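Asks: sequence first, then the predicted structure:
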Amino acid sequence: MQFAMTQRLLLLLFCVSVVATTAAAADPLPSWNDGPTKEAIVGFVEKVTKNGSPDFVPESQRIATFDNDGTLWAEQPVYFQLFYAIDQVKKKASDHPEWKTEEPFASVLKGDMKGVIDSGKEGLMKILAATHANMTAEEFRSNVSEWLKTARHPKTNRPFNEMIYQPQLELLEYLRANGFKTFIVSGGGVDFMRVFAEETYGIPPDQVVGTSLKAKYEVRDGKPVIIKLPEINLVDDKEGKPVGIHQYIGQRPIFVAGNSDGDYQMLEWATAGKGPRFGIILHHTDGKREWAYDRDSHIGQLNKGLDDAGKKGWTVIDMQKDWKVVFPVDKP
């Protein structure tokens, strides 16, 4: 009798374990806390992918676009691409003695980040031209790849490509598993992001749209190459994002994600289309696991988007409340 009861108890425990394991495996977003945000995302995906649903969207129209800085990976204390550019200025400084007194290079060499930021768009364009142009596309890709192997974030000491958001990785995979084609549409440099986007996010180079320099074709030493020029081709930020999507993707996305007012126009344009649309804004509310910032931030300022999200029907992700973990290295 006792033996039979023990067997039944073990069988019951086994069944409970199997059910719990199956339920966990069925959860497409395990790093997201249960609640309205997660429910809204899953509900949207289910209704646009279910055959017979009045909101069904064919796979060819399931386009999802994500900002990168502050949406897929961190962006504090400054954009990570700027860290790359600063390191390149220091690397090239011996060939440019004039940089010791010429701004913004003088501020870079002195480690004066405030001076670099205060140089504004003009100063940043000078840094961009000095570190991203007048080289072949292959040379640039190699430089970025080597930098990513050794560069570390100044606060966490982690490689920059570990400063990515685990919940967003799950969201990208969940969308792709349901027939979505996922794109990066970012103010960051397109050639910079294409170096790591596929390995990091599962997004191939042809699905990355970003700020770009003009380029030209040349034959050097008998070898055909693409040369990056010190002239802006597209600034893929604010009003430039819908333009970039139109020019390089050719379809208005039905799912769009951003984190700042630099993404406002992309969200506004995408969600104004016909049929079911879903816009999300990542609100950086977690000052312990990441950074807490919004309206007054020097990076990733979120003001108008936060004010208008409700009336526009956009879902705001509260990082502190909605995410169990932030970075992959934090997973239990």
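Replies: Everything's here; your move. Note that this is a predicted model, so its numbers are computed, not measured.

Asks: contacts only, for the closest residue to Trp99 other than its chain neighbours.
Replies: What sits nearest to Trp99 in space, not counting adjacent residues and going by CB to CB, 6 or more residues apart in numbering, is Phe105, at 3.6 Å. All C-beta spots, glycine's among them, are computed from the backbone N, C-alpha and C. Phe105 makes contact with 89, 93, 96, 99, 126-127, 130, according to CB atoms under 8 Å, 6 or more residues apart in numbering.

Asks: take those and write them to CSV, including neighbour count, pLDDT and distance to Lys324.
Replies: Formatted as CSV, these follow (neighbours: other CB atoms under 10 Å; pLDDT from 0 to 100; distance: CB to CB, whole Å):
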residue, neighbour count, pLDDT, distance to Lys324
Val89, 21, 96, 39
Ala93, 14, 96, 44
His96, 13, 95, 47
Trp99, 19, 96, 46
Lys126, 17, 91, 42
Ile127, 20, 93, 38
Ala130, 19, 94, 42
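
Asks: of all those, which two lie farthest apart?
Replies: Ala93 and Lys126 (14.0 Å; CB to CB).

Asks: mind jotting down where the helices sit in the stretch 151-300 of the chain?
Replies: If DSSP state H, counting those that start in this stretch is used as the criterion, the helices of the stretch 151-300 of the chain fall at 166-177, 190-201, 240-248, 264-271.

Asks: among these, which is nearest Asn51?
Replies: That would be helix 166-177 among the helices of the stretch 151-300 of the chain, by CB to CB, at 16.1 Å.

Asks: name the element Val316 belongs to?
Replies: If you go by DSSP states H and E, Val316 is part of strand 315-318.

Asks: before we move on, back to that, from Phe80, how far off is the residue nearest to Trp99?
Replies: In this structure, Phe105 and Phe80 are 20 Å apart, going by CB to CB, to the nearest Å.

Asks: and if you look at Met135?
Replies: Taking CB to CB, one finds Met135 at 20 Å from Phe80.

Asks: again, but for Arg277
Replies: Distance from Arg277 to Phe80, by CB to CB: 30 Å.

Asks: tell me the contacts of Val326?
Replies: 165-167, 286, 289-290, 319.

Asks: now it: phi and psi?
Replies: phi -110, psi -60 (degrees, to the nearest 10).

Asks: let the chain start at 851 from now.
Replies: Renumbered: residue one is now 851, and that last one reads Val1176.

Asks: same drill for Met985 and Phe930, tell me which one is more crowded.
Replies: Using other CB atoms under 10 Å as the criterion, Met985 and Phe930 rank with Phe930 on top: 21 against 15.

Asks: for that one, what are its contacts?
Replies: Contacts of Phe930 (CB under 8 Å, 6+ apart): 919, 923-924, 1003, 1010, 1013.

Asks: just the residues you listed: which are in strands?
Replies: Using DSSP state E, no member of these falls in strands.

Asks: determine which two of the residues you listed are furthest apart.
Replies: Taking CB to CB, no two of the contacts of Phe930 sit farther apart than Asp919 and His1003, at 13.4 Å.

Asks: who has more neighbours, these two?
Replies: Asp919 (25 against 16).

Asks: tell me where the model's unsure across the stretch 1051-1182 of the chain.
Replies: Judged by pLDDT under 70, the stretch 1051-1182 of the chain has its weakly predicted residues at 1182.

Asks: ok, the residue nearest in space to the middle of the chain - contacts?
Replies: The chain has Asn918 as the residue nearest its centroid, 2.0 Å off, counting by CA atoms, centre = their mean. Taking CB under 8 Å, 6+ apart, we find Asn918 in contact with 1034, 1036, 1038, 1043, 1060.
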